[in-house]
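Chemist: Make a model of this:
(2 chains)
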Amino acid sequence: MPSIEGRTHWGRSAVLLIPALVALGGLTVAIAEGALAASFGVSGQSFKVKAAHVKGTDVAAYLDTAASVDGKHHPVMLAGVGKATMRDVCTSAVVTVPVVGKISLKVIGGKTEPITGTNVVADAEALLGGNGVVTDVEAGRDASTLDRVPGVVGEKGRFGIQASSLTTEDVRSTAWSANGGTIKLSGGLDVSVTAGVHECF
Amino acid sequence: MLLDVFSELTARLDERLPARRPRRAFRHWRRTRPFWGGAATIAGGVTILMVPLAPLPIMIHVGTAAISGLAIGFILLAAGLFFWFAPAQRAFVAVVSTICALVSVVTSNFGGLGFGALEALLGAAMAFGWKPAPPARLEDSPDPEQPDPLNPADPPNPATSWIAEPHRAVEAPISRERASLRPDHPAEPSGPADQPTGPPRRAEPPRHGAPSTAQTDPQQATTDRAGTDRAEVMGPAKVPTWPAWSGWFRRANAFVLIPVVLAAVAVPARAEARAQAPETVPTCVPVPGATRPWWVPEWLWLICPNPSATPSPTASGPVPPSPTPNPTGPSPTSAPTPDPTGSGPEGSSPSGPGAGGAGDTANGPPGSGEGGPSGASGTPGPGASGPALPSGTPTPGVSPSAVAMTPPPAMANPGRITEIRYGPNVPEVAADRLLATGFSFKGTVDMPTVGGGSVKALVFHADNLKADNYRIGTTDPGSKLTLGIDLDIDDVDIYATYLGGLITVPYLNVPLLDITIGAGLIPTWLPLNISLPLFSGDKIKAGQVFIRAGTVRGSDLSADVSSGALRSS
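Modeler: All right, here's what the predicted structure looks like:
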């Protein structure tokens, strides 16, 4: 529509950019301090989670396939936890950035205080655990009849399992996605972005 | 200088590259709108979308939180397209996308791991700062470093031209320029005041924005001239000398800016205040003696300016939701939960004779020869059943399959079990070693599956069950779970289509009987509802329809989900 050529006036841009960056800083501080609960939905590539201690009430899981961005289907166990508490959590994802190469994003949290979340749903591909206790287990329910965690209901004919509580130590998982309805990060959050591959395990 | 070299290079490149005409056209299109701002905004939106987009069904499970994260990505995508195809609205769209980029930090993985939010912020700011240049200035090589003071022709942004009153906005810089040129003016005759078409007029037009307005509207141009003249006549005393930044500030439209700045500061402030009200206020002790500078907002000051000053116990103390002290319902220490649901009466009463039978079981093999006939005598009564299990077994010539078989009786009180629907594909389970206490066979039950059919399953109960290297492999089409774990389960009901393995003497691991029983026919000696104090087996295999367990303690868990076949163990 406009036929007049123009250009970006950086002074004018700064009027919008500087307050926005200040607000961004405020938000970052608020999230890192645990004052603001951030919502997560990480997926698209597999990432690794390691937690020294995980407690959950109302757990349900079923077998599913997850589609990644590239259209491939990955067999996963979709697990939902109604209320989760995690300590000493390390999450790492390796992302391939076109020019830079491989970049590792690592988030470590829950050192002094646990990280808590509600309705955490994860697509786990592999899971290793140390000692764990699960109560009121029902293994073999059809995935479509699971009723412990709202929303975690699978297709008919899939293997499902649910339990009322879960306590495990030293959990290591490779997952494709993790969604927290809300995840409250606290206890010293340490986010690092480094070049190269630096994973939790 | 560098810029000159660069433009030289691009000019050379321009000559060599093919498809000159379309590239020219594209360049013109690109330069007539905030192209790079839009591109950065789109990149930000895509980044935010990329991170969580993959398994959409999960988003739908989780609901609003994840969906709002997606929505922001799409809004930013749309904003970028608006910058490209409706650049007139760039100011408003830029403000909206800035706010969305900030919100995405909270709702969507730190705004696409930080990158997406930053891209979108930068893009929005670039688009906000974009402005079409007046064509007059374009001719005589505009200096890119200096924001040009003229804004008479700003057709794509009518809002700005109304509100900021371009004529007034133009006046100040012009007259400032003239003020600097003042030495010329006194030299001129006093003409300008009485004759508007005096000599300075001729000198002026090519220098300023007048020609551009003349192109658009000659009449407007004359009034413009009159206006500039008036300003000139009024002289430097009347014209306030604005600071250099005021020009672009006023042109940037305070009506838009002020709310944005306020909102940008207020949004995190309010969120912070709400979230912190119960917690941070008591936990943060400002550094003793430190006073808050006036420019630091109070809410920011409360975020522990010196974290080391706060003793960590108090920091964790007042936080209410910390669920660590929550005792997980059934604590692992209260290990043997004596809660034989449903099996209470039967399980306890025969345990007397069963206990006696335990001795027999252990000493089974010697007395087996006599035991044989008793086992074959018919459906096992409670009394006979204790010694019956080992009895029929090692009769040398009789293979287990030759033992008389009978259709198993139905389970007494299936209860809630028949209300649940089960998967039609029964997983295969196996264990290297099984040791059960309070083990009993409770009959069979028809378990309804989701497809409308049913699976006939043997029902076993154990007060405690230890399984070494328990493995389960699902047989569903598609994803296949392979799970291995060492199990220690209290109060467990097992529903299996078949159960096979090598029955052994508990603890001694002396093999007694290799047997497989299915739900269709069971050996007549299999005791019903008799709690065996100890039962052990090696290389157990079963088709496990369902397991209900009170407390499961597991160690060395390894689970894999694959699309391949069950891992051979």
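
Chemist: In chain A, what residue spans correspond to helices?
Modeler: With DSSP state H, the ranges of helices along chain A come out as A:10-32.

Chemist: so where is it shaky, pLDDT-wise?
Modeler: A:1-3, A:32-45, A:66-72, A:95-101, A:180-181, A:186-188 (pLDDT under 70).

Chemist: rerun at 90
Modeler: Counting by pLDDT under 90, chain A contains low-confidence residues at A:1-51, A:61-82, A:84, A:86-132, A:134, A:137-161, A:168-201.

Chemist: At the geometric centre of chain A, which residue sits there?
Modeler: Chain A has A:Ala178 as the residue nearest its centroid, 3.5 Å off, counting by Cα atoms, centre = their mean.

Chemist: what bridges to it?
Modeler: Under DSSP bridges, the beta-bridge partners of A:Ala178 are A:Val42, A:Ala122.

Chemist: Pretty sure it sits against A:Val121.
Modeler: Yes. Between A:Ala178 and A:Val121 there is a contact under Cβ atoms under 8 Å: 7.2 Å. Placement of C-beta: from N, CA and C, glycine included.

Chemist: Briefly note if stretch B:76-83 comes near chain A.
Modeler: No. Under the criterion of Cβ under 8 Å from any Cβ of the partner chain, chain A is not reached by stretch B:76-83; the shortest gap measures 11.2 Å.

Chemist: Please save the CA atoms from that stretch in PDB.
Modeler: Only the C-alpha atoms of stretch B:76-83 are listed here, as PDB (Å, rounded to 0.1, in the frame of the first residue of the first chain):
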ATOM      1  CA  LEU B  76       3.100 -13.300  16.900                       C
ATOM      2  CA  LEU B  77       3.000 -15.100  13.500                       C
ATOM      3  CA  ALA B  78      -0.100 -13.000  12.600                       C
ATOM      4  CA  ALA B  79       1.600  -9.800  13.800                       C
ATOM      5  CA  GLY B  80       4.600 -10.400  11.600                       C
ATOM      6  CA  LEU B  81       2.300 -10.900   8.600                       C
ATOM      7  CA  PHE B  82       0.500  -7.700   9.500                       C
ATOM      8  CA  PHE B  83       3.800  -5.800   9.500                       C
END
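
Chemist: quick one: buried residues of that stretch?
Modeler: Residues of stretch B:76-83 classed as buried by neighbour count (16 or more other Cβ atoms under 10 Å in any protein chain shown): B:76-80, B:82-83.

Chemist: List of residues touching that stretch?
Modeler: Residues outside stretch B:76-83 that contact it (Cβ atoms under 8 Å, 6 or more residues apart in numbering or on different chains): B:33-35, B:37-46, B:48-49, B:89-90, B:93-94, B:96-97, B:100-101, B:104, B:116, B:120, B:123-124, B:127.

Chemist: show me which of those neighbour chain A.
Modeler: B:33-34, B:37, B:94, B:101, B:124, B:127.

Chemist: which among the residues you listed end up buried?
Modeler: B:33-34, B:37, B:94, B:101, B:124, B:127.

Chemist: farthest-separated two in those?
Modeler: Of all pairs drawn from these, the greatest distance, 20.1 Å, lies between B:Arg33 and B:Ala101 (Cβ to Cβ).

Chemist: Show the backbone phi and psi for the nearest residue to A:Glu5 once chain neighbours are set aside.
Modeler: Distances taken as Cβ to Cβ, 6 or more residues apart in numbering or on different chains put B:Arg31 closest to A:Glu5, at 4.0 Å, once the chain neighbours are dropped. Main-chain torsions, B:Arg31, degrees, to the nearest 10: phi -80, psi -10.

Chemist: Next one: B:Arg31 from B:Ala125, what distance?
Modeler: Shown here: B:Arg31 relative to B:Ala125, a distance of 19 Å by Cβ to Cβ, to the nearest Å.

Chemist: More neighbours: which of the two?
Modeler: Neighbour totals were compared for B:Arg31 and B:Ala125, and B:Ala125 leads with 29 against 15 (other Cβ atoms under 10 Å in any protein chain shown).

Chemist: The more buried one in helix, strand or coil?
Modeler: What DSSP: H, G, I helix; E, B strand; the rest coil gives for B:Ala125 is helix.

Chemist: ok, it touching A:Leu16?
Modeler: Yes. Counting by Cβ under 8 Å, A:Leu16 is a contact partner of B:Ala125 at 4.5 Å.

Chemist: Overlap in contacts, these two.
Modeler: Counting by Cβ under 8 Å, 6+ apart, the common neighbours of B:Ala125 and A:Leu16 are B:94, B:98.

Chemist: Could you pull out the strands in the stretch 401-550 of chain B for me?
Modeler: Under the criterion DSSP state E, counting those that start in this stretch, strands of the stretch 401-550 of chain B are mapped to B:405-406, B:428-448, B:454-473, B:480-505, B:510-518, B:522-523, B:532-562.

Chemist: Would you format the ones you listed as TSV with mean pLDDT included?
Modeler: What follows is the strands of the stretch 401-550 of chain B, written out as TSV (pLDDT from 0 to 100):
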stretch	mean pLDDT
strand B:405-406	76
strand B:428-448	88
strand B:454-473	88
strand B:480-505	87
strand B:510-518	80
strand B:522-523	79
strand B:532-562	86
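
Chemist: So which of these is nearest A:Gly110?
Modeler: Nearest to A:Gly110 among the strands of the stretch 401-550 of chain B is strand B:532-562; the distance by Cβ to Cβ comes to 20.9 Å.

Chemist: who does the closest one pair up with?
Modeler: Going by DSSP bridges, the partners of strand B:532-562 are strand A:115-129 (antiparallel), strand A:132-142 (antiparallel), strand B:428-448 (antiparallel), strand B:480-505 (antiparallel).
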